[in-house]
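Q: Dropping the sequence and predicted coords here.
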Amino acid sequence: MEFSPEAMKEVEKLLSRYPIKEAALLPLLHIAQREFGHVSLEAEAYVASLLDLPAPRVHGVSTFYTMYNKKPVGKYHVQVCTNISCSLMGAEHIVKCLEKKLGIKPGQTTADGKFTLSEVECLGSCGTAPVMQINDDYYEDLTEAKIDQILGGLK
Amino acid sequence: MAEIMKVVTRNMDVPDQHTIAVAMQNGAYEQLKKALEMTPDAIIEEVKKSGLRGRGGAGFPAGLKWSFVPKQAPKPKYMCVNADEGEPGTFKDRVIMSKDPHLLVEGILIACYAIGIRDAYIYIRGEFVEPANILQKAIDEAYEKGFIGENILGKDFTCHITVHRGAGAYVCGEETGLIESLEGKRGQPRLKPPFPAVVGAFQGPTVVNNVETLANVPRIFEHGADWFAAIGVEKNSGTRLFGISGHVNKPGVYELPMGTPIRELIELAGGVRGGRKIKAVVPGGSSAPALTPDQLDTQMSFDALGAIGSMGGSGGVIVMDETTNLVCVLTRLLEFYAHESCGQCTPCREGVAWLKKIMQRIRRGQGKIEDIDLMLEVAGNIMGNTLCPLGDAAAMPTRGFLTKFRAEFEAFIKSGANAEGTPMAGEGAVQVSVPAAE
Amino acid sequence: MPKITIDGIECEVADGLNVIEAAKTIGIHIPHFCYHPALSLVGQCRMCLIELDPIPKLQTACSTFVKDGMVIRTNTEKVIKARKAIMEFLLINHPLDCPECDQAGECDLQNNSFEFGQGFSRFEEQKRTYSRDIPVGEKLVRIQDRCIHCTRCIRFFREIVQNEVMTYQWRGNNTAMTPLEQDGRRLDTNYSGNMHELCPCGALTLKDFRFKTRPWNLANTESVCPLCSTGCNIFIDHKQRKIFRIRPRVNMDVNTWWICDFGRIDFGYAHSETRIAGPRVKGADADWKTALDTAAGLLKTTGASATAILCSADATNEEALLVKKLAAALGCSAASLPAPGVDPLEMEDHLLLRADKAANTQGLKALGIVPDPALADKLSGGAIKTLLLINPFNKQLAAALDGVRDAVAKIPNLVVLDHNETDFSKAAAVVLPGAVWAEKNGTFTNYKGLVQRINQAFAPAGKARGDFDILLALAQGAGADIACKTHIDAYNEIRDDLLKLEAQIKKDIEALQKAAAEAEKA
Ligand SMILES: Cc1cc2nc3c(=O)[nH]c(=O)nc-3n(C[C@H](O)[C@H](O)[C@H](O)COP(=O)(O)O)c2cc1C
Ligand code: SF4
Ligand code: SF4
Ligand code: FES
Ligand code: FES
């Protein structure tokens, strides 16, 4: 298990930005997730070795933050906000639509490994509720029709 | 009726304002030049005079905070820009960072110069990938132009700015949780004292400021502290970017003078959808106890909202119409706080999850009338006994809903209805009839 | 020294104390869980909340440090209510399985609950549960359900053991304290056993002690660990002449709060099958009188130059004195053998364990029983015809004897005084069953000269006798006129020598430290 050369360059650059190596841990875990798909125990140990940290400490950190996936997720990670503003605007319905269209419940991944559905906390976009995030992108003011369109566009 | 007052958002509708070329056409970095001609002390004085208060939640005077940082410190000093924006109902910092990142960068630089800081970190919530990219691009451009880096504008002032992404933890918006997280640790808030101004990031004196707070700084130097202080109401100067969401026709971010009555913001936002009646309004992010319809003339200022037992908080206003099921709202709120508790201190780790479980049971239709008093007591046992304010942030709205809307909670419990899996409001939401108050 | 007022009592306390420690000095107990004087301050459990004038919010006593004029209240209604609240919170998810918990009776959670809790629960929801009884390493058992998240375990491994193998998993209400044996880290360090005392509830207990007995049924005898020259202070917890466990006894000059697992767990030889059952003469069981008379007779038969006494450094100072007296009466030498790791100062790890695996090297030295390099040659060359061999079971002496094993076994007049069988006892003409340290009274002198008392927990097993009494009989049998008939008498006789040595060693250590510091600078 190793980072790609490009990722290693990023690591170098990151390390120069902080007075202590440990501070680069969150960014490195992001890179690990990008490179390896999810943050496994091995990935934690690898990142630990890059930063001269004890692997158990890295585990404590990686399990603290919800964005690090401890299990593999689908190619598209569909994350629906169900916090107050979104729920007031029908997030419940959005989740149900997605469940129906994808044939999975929150926390599950489709059999073809394409989609994982999750419910998440407020995405900081409450003015355009209901909102979901697929991988890095936000999709706002969701309606059932819009969801069809969005999912249709994901290959 | 209140009018929008574009101070921070002045250029946000300008196409490509996020690029340095356009931003500079609109005056970006001019105030930095001006500030670098001033002494650091004079800058802090000016900010103090403006009355600028922190927009992150607590409303702490910015100039005063800066002045707490020891001038001579054995360790390097740091600036942490709080762009964690995790408080449900809050979505203004994202707008600033996406639309006018140079305004924030300029504010950061002026603050760093005034305090004597060489390294600033923008701690941005991990989900904000796009805003982080825009911000990074803006920073790269500013480096190229010599506004960031060594000997800025040929002066004896060096400052570096780094974008640091979080990874999904609301508690990292709390200033010491943020610092721990920046250091690569679990985002568990620190015991205070020492306060960050004395011992913060990497053991050095540290200032933590919200994005909007810093975005105001260039404007203070553009128009003068007196001009700024004259906006808003006494001791609550300037404008705020109010984010209004929920059941209004035109949700979004509205910049208004501090102290604007809530009712006027709601009107600006096109009023309540479908012409319905309002049931409750959260005035300052989910941690602020909700207001009843008869409290809507309250001014949106730190002090006025504080005076009626709520708070100005993050400026996130959530409007709930009469179809809203408050049992669902409070349950969801407690699910959020339980999910976000860092878990290090007993009252929050245990108490908030307990409250959540009681509410989930009530929502399932298995509540008892006594549960309400039990919850009030549990919330009271959390209040003031936790290590960081997150415990309070969960307890306050709990007490708020249960006291101000007790009749609805009682009616729901008596009805035996099960609202699990039902919409929180509108069509399909579980409605209970609340007996009119005597 | 700051003057403060606690619950109306004015007192003057040492600088730098926190309110928990300050209150302790005047006998006021402030309950706490996460605070431990050896560990970093985290202020997480919130059990230690107190009122501090004029702050309206309750403050944590653990993180409040005394300042002149401070006024503290620990007994107000507000404090009492807060303690009840915290106890209730800590117990809502706790399994309350005290009847089957090893910690019961010495559990901070149980005790504080009794004293400061409200005695009933208002929690009706489903409790949080984890899988139970997970062994953590060979020595500990973890029951996460009982954990109160004080994080002492995590801080202990990180800060004291300096092997960060315990960590957090997840966050909030789901947080679990997890050992993670990654990148070559093992939970079984030589200090893991300390979690037994450090964990304030029954979440981490000692496998060795599991379901064995209730702590309140045990007698606790103050003693000192005999397994290395550090001399950690311990309690021997025992019942019906059996040791159930060894626990550290706080001594800030020696072991602070800890002991190593070697000292904690390695006491099996006190009750082993190989304990010498009774006195023997020429391989046959004998009564004590016969054995002692025979031994005393043998020791006198071959003349001073062919006679020697060889003694392990596990002898107490008082026993060593008698060895000296016996040697004087016989005109022979009393010595130990040079052995690897006998430098009593040398550390084996960063914390407590020393290379010298005997309890009393320094004490023997003070009394002139020192390693004799010539003795090995005399033994292997067959020059020694009569040998009193004391405690060859001691690992260090056994190692030193390694090269002369066969020669010693062949010595015709071999008298062995020991508690466990060895090749030597099996070959000996006379075997005198002695006592293990738990069965003895006396003193050990540790690596830095500190004279520390060991107390008898129970009488020697079976027919065994105390080494002091055996040596006294031998010396008297050899014709010596001995005034000190008890270990107390003996101690009084050698006290000045021991104290002189202590002062000397202190000086030596200071000189060594100074030299090391200067070398570092250079
Ligand atoms: C649980 C919690 C979450 C917070 N989240 C944020 C946040 O997302 N953004 C923010 O600016 N301040 C947040 N704060 C407030 C910060 O602790 C801090 O007061 C603020 O960043 C200071 O900046 P200011 O003085 O400019 O407002 C939060 C506080 C708490 C207790
Ligand atoms: S109040 Fe909650 S979030 Fe804050 S320190 Fe305590 S457990 Fe963590
Ligand atoms: S296992 Fe014990 S020491 Fe560790 S956190 Fe839990 S209660 Fe504390
Ligand atoms: S509540 Fe969904 S984005 Fe804020
Ligand atoms: S002992 Fe003070 S908070 Fe735990």
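A: That came through, no problem. Ligands and ions are numbered 1, 2, ... in the order given.
Q: Could you use CA atoms for every contact and neighbour count after this?
A: Fine.
Q: number of nearby residues for C:E77?
A: Neighbours of C:E77 under the rule other Cα atoms under 10 Å in any protein chain shown: 9.
Q: got a list of what it touches?
A: If a contact means Cα atoms under 8 Å, 6 or more residues apart in numbering or on different chains, then C:E77 has no contacts.
Q: Are we agreed that B:G126 is in a helix?
A: No. Counting by DSSP: H, G, I helix; E, B strand; the rest coil, B:G126 falls outside a helix, being coil.
Q: Would you map the helices across the stretch 251-400 of chain C?
A: C:261-265, C:288-299, C:317-330, C:361-366, C:373-380, C:395-401 (DSSP state H, counting those that start in this stretch).
Q: Packed most tightly, which of those would that be?
A: Counting by mean count of other Cα atoms under 10 Å in any protein chain shown, helix C:361-366 has the highest mean neighbour count of these, with a mean of 27.
Q: Next, work out how far apart the residue in the stretch 51-200 of chain B that ligand 2 sits nearest to and ligand 1 are.
A: Residue of the stretch 51-200 of chain B nearest ligand 2, by Cα to the nearest ligand atom: B:P189 (5.3 Å). Applying Cα to the nearest ligand atom, to the nearest Å, the value for B:P189 to ligand 1 is 9 Å.
Q: which residues sit in contact with the nearest residue to B:E183 once chain neighbours are set aside?
A: If the residues on either side of it in the chain are set aside, B:E183 comes closest to A:A23, at 4.1 Å by Cα to Cα, 6 or more residues apart in numbering or on different chains. Contact analysis of A:A23 by Cα under 8 Å, 6+ apart lists B:S181, B:L182, B:E183, B:G184, B:K185.
Q: and which of those residues is nearest C:E518?
A: Proximity of the contacts of A:A23 to C:E518 (Cα to Cα) peaks at B:E183, which lies at 35.6 Å.
Q: Which one of the residues in chain B is closest to chain C?
A: B:G343 (3.5 Å; Cα to the nearest Cα).
Q: and the nearest residue to B:Q344 once chain neighbours are set aside, how many neighbours?
A: In this structure, B:Q344 finds its nearest non-sequential neighbour in C:Q44, 5.7 Å apart by Cα to Cα, 6+ apart. Using other Cα under 10 Å, C:Q44 has 25 neighbouring residues.
Q: For C:Q44, what is the enclosing helix or strand?
A: C:Q44 belongs to no helix or strand when elements are defined using DSSP states H and E.
Q: residues in contact with it?
A: C:Q44 touches B:Q344, B:C345, B:T346, B:L387, C:C34, C:C150, counting by Cα under 8 Å, 6+ apart.
Q: and what of B:R219?
A: So B:R219 contacts B:V7, B:V8, B:Q31 (Cα under 8 Å, 6+ apart).
Q: again, but for C:A334
A: Per Cα under 8 Å, 6+ apart, neighbours of C:A334: C:A308, C:I309, C:L310, C:C311, C:V323, C:K324, C:A327, C:I369.
Q: Any idea what it is bridged to?
A: Assessed by DSSP bridges, C:A334 has beta-bridge partners C:I309.
Q: Need the pLDDT of it.
A: On pLDDT, C:A334 comes in at 90.
Q: Derive a PyMOL selection command for the buried subset of the contacts of C:Q44.
A: Only the buried entries of the contacts of C:Q44 go into this PyMOL selection, using 16 or more other Cα atoms under 10 Å in any protein chain shown:
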select buried, (chain B and resi 344+345+346+387) or (chain C and resi 34+150)
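Q: Let me see the domain layout of chain B.
A: Per the record, chain B has its domains at B:20-229, B:232-321, B:326-415, by automatic domain parsing.
Q: Please name the nearest non-neighbouring residue to the residue of chain A most remote from its centre.
A: Taking Cα atoms, centre = their mean as the measure, the residue most remote from the mean C-alpha position of chain A is A:P19, 27.6 Å away. Nearest-residue entry for A:P19: B:F202, 7.4 Å, with adjacent residues in sequence omitted and distances by Cα to Cα, 6+ apart.
Q: May I ask which helix or strand of chain C has the lowest mean pLDDT?
A: In chain C, no helix or strand scores lower on mean pLDDT, DSSP states H and E than strand C:134-136, which sits at a mean of 76.
Q: got the contact list for it?
A: C:V141, C:R142, C:I143, C:P179, C:L187.
Q: What residues sit buried inside that strand?
A: Buried residues in strand C:134-136 (16+ other Cα under 10 Å): C:P135, C:V136.
Q: Stretch B:191-205 now?
A: Neighbour-count burial for stretch B:191-205 [16+ other Cα under 10 Å]: B:L191, B:F195, B:P196, B:A197, B:V198, B:V199, B:G200, B:A201, B:F202, B:G204, B:P205.
Q: List the contacts of the one residue in the stretch 201-350 of chain C that gets nearest to ligand 5.
A: When scored by Cα to the nearest ligand atom, the stretch 201-350 of chain C has C:C201 as its residue closest to ligand 5, at 13.9 Å. Applying Cα under 8 Å, 6+ apart to C:C201 gives the contacts C:Q103, C:C107, C:D108, C:L109, C:Q110, C:R146, C:C147, C:I148.
Q: B:T162 in helix, strand or coil?
A: The three-state label given to B:T162 by three-state DSSP is strand.
Q: If you tally nearby residues, what's the number for it?
A: Using other Cα under 10 Å, the number of residues around B:T162 comes to 18.
Q: Number of residues surrounding the closest residue to it other than its chain neighbours?
A: Closest residue to B:T162 apart from its sequence neighbours, by Cα to Cα, 6+ apart: B:Y121 at 4.8 Å. Other residues near B:Y121 number 24, with proximity taken as other Cα under 10 Å.
Q: Check for me that B:Y121 belongs to a helix.
A: No. Using three-state DSSP, the assignment for B:Y121 is strand, not a helix.
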